[in-house]
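# okay, here's the prediction I keep looking at, along with the sequence it came from:
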Amino acid sequence: MRKKEAKVIICSKNEGLNSMHQKHSNISRAKFGTFARNEMAVLGTPCDQIKILFDKIIARFPQKNIAVVEADHQAEGNILAFSKWTDKINFQRFETKNNFNDFEKRMFFENTDLTLINGNHFVGKCQIIVIDDKKPLEKKLSKLTDVALVIQKSDQIPGYILDHLGDNHPPIVGWEDDEAIFNFISDYFMNRIPPLFGLVLSGGKSSRMGMDKGTLRYHNQLPQIQHCFNLLQKYCGENVYLSVSNEQYQDLNLPIIKDSFLEIGPTGGILSALKQHPNAAWLVVACDMPFINENTLKKLVANRNSSKIATAFQSPNEEFPEPLITIWEPRAYPKLLTMLAYGYDCPRKTLINSDIELIKVDDPAELQNINTKEEYERAIIDLSPKIV
């Protein structure tokens, strides 16, 4: 029997084995902490007091998806099965023997607006510290990497805390000053609403039309793709891109995002945009919807719910959402990828199976798709009275 040849890995003394992992692509990464995009660790007071603070914040912001990371001080016995899912009527519980790594943990908190972490047991990228004589922080200064708020429960703030925070220290509020604490949390939510970028979906094959739908002219002789671009600029400023699958539209000299997810239709364009800017929300408009106007986008943006996966119009002919004029939040990125992994590349299917904000359009004709030459000719006639 032939002996298996041993594989020998050679690296210099200074390189080490970690150098083998430096050749991956330079992909933009979402801004995550230990558990979530937006997280705060609270430490400096006993765990029962941290729970009281968590409960007050959750009760004050019931419209927000607030998660809690806590240690169980009275752990029950081990479960027998590898995993166990239980329907508790008012909530669901999932228990498993699996030891989740840092990347797997984040999947559970992708849909949260804020994750509150018991900092006595876990580390968070941002901290709220409580000055409490019962739980001094002198030996935990290494955890205080980005202190956003100081809550004073004791009479004085220790000198080592003041020295650690420096001159530009965060705001200081009292433990009983609920309004000051709530105002801080409210500002935190407002400051972390993802910026809105615009994307004109234009990478389709236009096989039924027989010509590129992005070059068709409906409005003041502008190519439709340029018209959509101009509309999006009113809500997204300079952060507007064309979604393309090849070298098309170079003569327009507009910023593009070339598809890096190929042969999966509109989902490829949306995923490519989220891949390039994973911390932005994307207002997506398809170039084959010429009846969309400024009022259409104005209503969509005004009803945006950044706590959801997406904000979409209800399709006029059915109860399903319309995916091709939709605001996709950053949290939609892993959901779209997961659906793709399960064999579904339809963006509507993702919306149907997600927590979204669904609104009604004022005029159902605004969401009409134009896919054939006959539809194009009728659209020209219908639009002509509206064109100034």
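Looks like it came in fine.
# now for the residue positioned nearest the centre of the chain: which residues touch it?
Geometric centre of the chain, nearest residue: Pro330, 2.1 Å, by C-alpha atoms, centre = their mean. When contacts are counted by C-beta atoms under 8 Å, 6 or more residues apart in numbering, Pro330 is found next to 30, 37, 194, 274, 278-281. (Glycine included, C-beta is placed from N, CA and C.)
# widest-spaced pair of these?
Spatial extent of the contacts of Pro330 (C-beta to C-beta) is set by the pair Arg37 and Leu274 at 13.4 Å.
# who's more crowded, those two?
Counted by other C-beta atoms under 10 Å, Arg37 and Leu274 do not tie: Leu274 has more neighbours, with 28 against 22.
# tell me the pLDDT of the closest residue to the more buried one other than its chain neighbours.
Once flanking residues are discounted, Leu274 sits nearest to Tyr333: 4.2 Å by C-beta to C-beta, 6 or more residues apart in numbering. Looking at Tyr333, its pLDDT reads 96.
# just to be sure, Tyr333 is in a helix?
Yes: according to DSSP: H, G, I helix; E, B strand; the rest coil, Tyr333 belongs to a helix.
# remind me what the helix or strand containing Gln49 packs against, helices and strands.
Assigned by DSSP states H and E, Gln49 belongs to helix 47-60. Under the contact definition 3 or more C-beta pairs under 8 Å, 6 or more residues apart in numbering; DSSP states H and E, helix 47-60 sits against strand 39-43, strand 66-69, strand 114-118, strand 127-131, helix 178-191.
# now with 6 Å, please.
On a contact count with 3 or more C-beta pairs under 6 Å, 6 or more residues apart in numbering; DSSP states H and E, helix 47-60 meets no helix or strand.
# pLDDT on it, on average?
Helix 47-60 comes out at a mean pLDDT of 97.
# buried set for that helix?
By neighbour count on 16 or more other C-beta atoms under 10 Å, the buried set for helix 47-60 is 47, 49-50, 53-54, 57.
# what lines up beside the longest strand seen in the chain in the sheet?
In the chain, with assignment by DSSP state E, the single longest strand is strand 321-328. The strands that strand 321-328 pairs with in its sheet are strand 281-286 (antiparallel), strand 310-314 (antiparallel) (by DSSP bridges).
# just put those strands in a markdown table and tack on mean neighbour count.
Putting the strands paired with strand 321-328 into a markdown table (neighbours: other C-beta atoms under 10 Å) gives the following:
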| stretch | mean neighbour count |
| --- | --- |
| strand 281-286 | 25 |
| strand 310-314 | 24 |
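# any chance of those in a markdown table, plus distance to Lys213 and mean pLDDT?
Listed next are these as a markdown table, based on distance: least, C-beta to C-beta, whole Å; pLDDT from 0 to 100:
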| stretch | distance to Lys213 | mean pLDDT |
| --- | --- | --- |
| strand 281-286 | 9 | 97 |
| strand 310-314 | 20 | 96 |
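# distance to Ala67 added to those strands, as TSV?
Putting these into TSV (distance: least, C-beta to C-beta, whole Å) gives the following:
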stretch	distance to Ala67
strand 281-286	20
strand 310-314	20
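# for Pro321, find the nearest of those.
That would be strand 310-314 among the strands paired with strand 321-328, by C-beta to C-beta, at 4.0 Å.
# the strands in the stretch 151-300 of the chain, which residues?
172-174, 196-201, 217-219, 222-223, 240-244, 256-258, 281-286 (DSSP state E, counting those that start in this stretch).
# worst mean pLDDT among those strands?
strand 217-219 (a mean of 82).
# quick one: list the elements packing against that strand.
Using 3+ C-beta pairs under 6 Å, 6+ apart, strand 217-219 sits against no helix or strand.
# and for the closest residue to Ile352 other than its chain neighbours, the neighbour number?
Excluding the flanking residues, the one nearest Ile352 by C-beta to C-beta, 6+ apart is Phe320, at 6.1 Å. By other C-beta under 10 Å, 14 other residues sit near Phe320.
# and if you look at Asp163?
For Asp163, the count of nearby residues is 9 (other C-beta under 10 Å).
# from Leu137, how far out is it?
12 Å (C-beta to C-beta, to the nearest Å).
# the strands of the stretch 151-300 of the chain: which one's closest to Lys97?
Per C-beta to C-beta, nearest to Lys97 of the strands of the stretch 151-300 of the chain: strand 281-286, 36.8 Å.
# what is the orientation angle of the closest one with strand 196-201?
Compare the direction of strand 281-286 with that of strand 196-201 by axes from the mean of the first three to the mean of the last three C-alpha atoms, to 10 degrees and you get 20 degrees.
# touching strand 281-286 from outside, list them.
By C-beta atoms under 6 Å, 6 or more residues apart in numbering, the list of residues contacting strand 281-286 from outside reads 194, 196-201, 228, 273, 324-329.
# let's see that with 7 Å instead.
Residues from elsewhere that reach strand 281-286 (C-beta atoms under 7 Å, 6 or more residues apart in numbering): 194, 196-201, 228, 232, 235-236, 270, 273-274, 292, 306, 324-330.
# over to stretch 164-176?
So stretch 164-176 is contacted by 141, 144, 147-153, 180-181, 184 (C-beta under 7 Å, 6+ apart).
# for Ala339, give me phi and psi.
You called it Ala, but residue 339 is Met. Backbone geometry at Met339, expressed as degrees, to the nearest 10, gives phi -60, psi -40.
# count the neighbours of it for me.
When neighbours are counted by other C-beta under 10 Å, Met339 registers 20.
# now for it: which residues touch it?
349-350.
# beta partners for the closest residue to His277 other than its chain neighbours?
Nearest residue to His277, sequence neighbours excluded (C-beta to C-beta, 6+ apart): Phe197, at 6.0 Å. Note on Phe197: beta-bridge partners by DSSP bridges are Trp282.
# next, the contact list for Phe197, please.
Phe197 sits in contact with 236, 239, 277, 280-282, where contact means C-beta under 7 Å, 6+ apart.
# Serialize those residues to JSON lines and add fields for distance to Trp175.
JSON lines is the format used below for the contacts of Phe197 (distance: C-beta to C-beta, whole Å):
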{"residue": "Cys236", "distance to Trp175": "42"}
{"residue": "Asn239", "distance to Trp175": "41"}
{"residue": "His277", "distance to Trp175": "40"}
{"residue": "Ala280", "distance to Trp175": "37"}
{"residue": "Ala281", "distance to Trp175": "36"}
{"residue": "Trp282", "distance to Trp175": "41"}
